[in-house]
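Trainee: Quick one, fold the following:
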Amino acid sequence: MRFVEIYSDGACSGNPGPGGFGAILRCDGKEKEISGGDAHTTNNRMELLGVITALEALKFPCEVRITTDSKYVVDGITKGWAVSWRKRGWKKSDGKPALNPDLWERLLNLLDVHKAEFCWIKGHAGHAENERCDRLAVAQRDKYAGK
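Mentor: Reported below is the predicted structural model:
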């Protein structure tokens with residue numbers, strides 16, 4: 001299996017509001033940047049879409065290290081929340097609906113294909129790739145905000 005590093009970040013102006021995501025994929029000394037956004041979204045949706053879009057860009061099963069500043073994404077996977085929500089029909093343990101089930105479903109399906117490790121880092125703390133992803137995400141957010 002090829003090893004791929006993925007760095008991802010999301011941004012949103014208002015919650016909901018215009019948002020964007022950015023991701024960097026690094027494999028075999030090559031890099032690819034991906035970004036996108038939406039005019040009406042949330043920060044958590046953009047954080048999820050950054051990871052999902054990067055994984056969807058992989059053409060075959062890979063071993064992946066995903067680095068993000070999103071506790072929502074990292075905890076949702078590493079603490080088993082998303083798997084539990086899916087088992088309960090996208091309900092949280094308190095019976096309330098889980099947010100973003102469409103994106104969690106996509107992410108869980110991708111994680112069935114790829115062997116992934118999730119790493120959380122503090123955002124806006126000088127991590128070079130996280131800062132690059134943030135710039136990509138903010139540029140997309142600003143595009144959708146009409147700036």
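
Trainee: Look up which residues are beta-bridged to residue 12.
Mentor: residue 19 (DSSP bridges).

Trainee: wait, it sits on residue 42?
Mentor: Yes: the pair residue 12 / residue 42 is scored as a contact, 6.0 Å apart, by Cβ atoms under 8 Å. (C-beta placed from N, C-alpha, C; glycine too.)

Trainee: who has more neighbours, the two?
Mentor: residue 12 (26 against 18; other Cβ atoms under 10 Å).

Trainee: how far away is that one from residue 58?
Mentor: To residue 58, residue 12 is 26 Å away according to Cβ to Cβ, to the nearest Å.

Trainee: Please enumerate the shared neighbours of residue 12 and residue 42.
Mentor: Contact criterion Cβ atoms under 8 Å, 6 or more residues apart in numbering; residues shared by residue 12 and residue 42: residue 19.

Trainee: Quick check: which ranges of the chain have low pLDDT?
Mentor: For the chain, applying pLDDT under 70 flags no range at all.

Trainee: which residues are in contact with the longest helix along the chain?
Mentor: Ranked by residue count and defined by DSSP state H, the top helix of the chain is helix 128-145. Helix 128-145 is contacted by residues 7-13, 17-24, 33-39, 46, 50, 67-69, 121, 123-124 when judged by Cβ under 8 Å, 6+ apart.
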